[in-house]
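1. build me a model from this:
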Amino acid sequence: MAINHEKLVEEWYRRNRHFTIRSAKIGLNEIDLLALVEEYQEEDKNIRFKLIKKHIEIQVSFKPVGYITSNNAKKKSKEELKESVEKWVWKKFISEQAQRIRSAFNYDTGDIKKWKFEFVHHLVRDPFELELIENNKYQKIKLVKFDDIVKELRRGDFGTALRGSDASDQVSLIKMK
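-> Predicted coordinates for the structure are as follows:
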C-alpha cells in the first residue's frame, strides 16, 4: 500500500470527525488505520454519544494482477479463493497480534465484538473476493471504495479548519482542474 493513498484515506476519515492512528504497529504486525468516532443516538428525547472503534485496512491497486488476499496471479477456484480470504481476514482482523495492537490503542481487550471493521479498496482482480471479504465467517467487514473517498475529498465540503497536513496538501492537488 502506497503511503500517499493511506494518507488520503486517513485525511478523509479525519474530515469525517474520526480520531485516527495510522500504521499502528507491534513488532512486525501492523494495522493500517485505527479510528475512533462519536456517534450520537437519540432515544426517547435523550441524546447519547457512543464511541465507535474502527479497525481499517487499506489496499489500493490501479492494475491488480494478483488477489487481495494473496499475491498469486493464477485463476483460483471459488473454494481456493474462499480459503485465502478466510486466512487473510483472520491475519488482518482476528489474530492475536491484531487484537494486541487494538488493545494497546484503546486500553481494552481488543475484543473483535467491540470493533467495527472496514476495508478500503480500489480495483480488484475478482469482485467475488470483495464479496467474500465483506461476508467472511468471523465478522462483517464494511467495504469502502477508494474512488468514493477521492470524489468526496475533491468536492471538499469539509470547511477550512482542516488544513496544514501533508494529506490536506494532496487533497488540494486532486482538487485542481
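2. how many neighbouring residues does the nearest residue to I94 once chain neighbours are set aside have?
-> Nearest non-adjacent residue to I94, counting by CB to CB, 6 or more residues apart in numbering: Y138, 5.1 Å away. No exception for glycine: its C-beta is placed from N, CA and C like everyone else's. For Y138, the count of nearby residues is 12 (other CB atoms under 10 Å).
3. give the helix, strand or coil label for Y138.
-> Secondary structure, DSSP: H, G, I helix; E, B strand; the rest coil: Y138 is coil.
4. for it, give me its contacts.
-> Counting by CB atoms under 8 Å, 6 or more residues apart in numbering, Y138 makes contact with 86, 89-90, 93-94, 112.
5. cool, and D111?
-> Taking CB under 8 Å, 6+ apart, we find D111 in contact with Q99.
6. and it, what's its pLDDT?
-> pLDDT recorded at D111 is 74.
7. what does the one 4 residues further on give?
-> Looking at W115, its pLDDT reads 93.
8. ok, residues contacting stretch 61-70?
-> Residues outside stretch 61-70 that contact it (CB under 8 Å, 6+ apart): 59, 72-73, 76, 81, 84-85, 87-89, 121-126, 129-130, 133.
9. shaky segments in the protein?
-> Filtered on pLDDT under 70, the chain yields the residue ranges 1-2, 109-110, 157-177.
10. spatially central, which residue of this protein would that be?
-> The centre of the chain sits closest to I56, judged by CA atoms, centre = their mean, with a distance of 2.6 Å.
11. once you drop chain neighbours, what's closest to that one?
-> Leaving aside its chain neighbours, I56 sits nearest to L33 (4.0 Å; criterion: CB to CB, 6+ apart).
12. surely the one you found is in a helix?
-> No. In this structure, L33 is strand, not part of a helix, as judged by three-state DSSP.
13. if we can go back for a sec, just checking: what are the partner strands of the helix or strand hosting the residue nearest to the centre of the chain?
-> Element membership of I56, judged by DSSP states H and E, is strand 46-59. The pairing partners recorded for strand 46-59 under DSSP bridges are strand 29-43 (antiparallel), strand 116-121 (parallel).
14. hmm, back to that, got the contact list for the residue nearest to the centre of the chain?
-> Applying CB under 8 Å, 6+ apart, the residues near I56 are 9, 13, 31-35, 117-120, 144.
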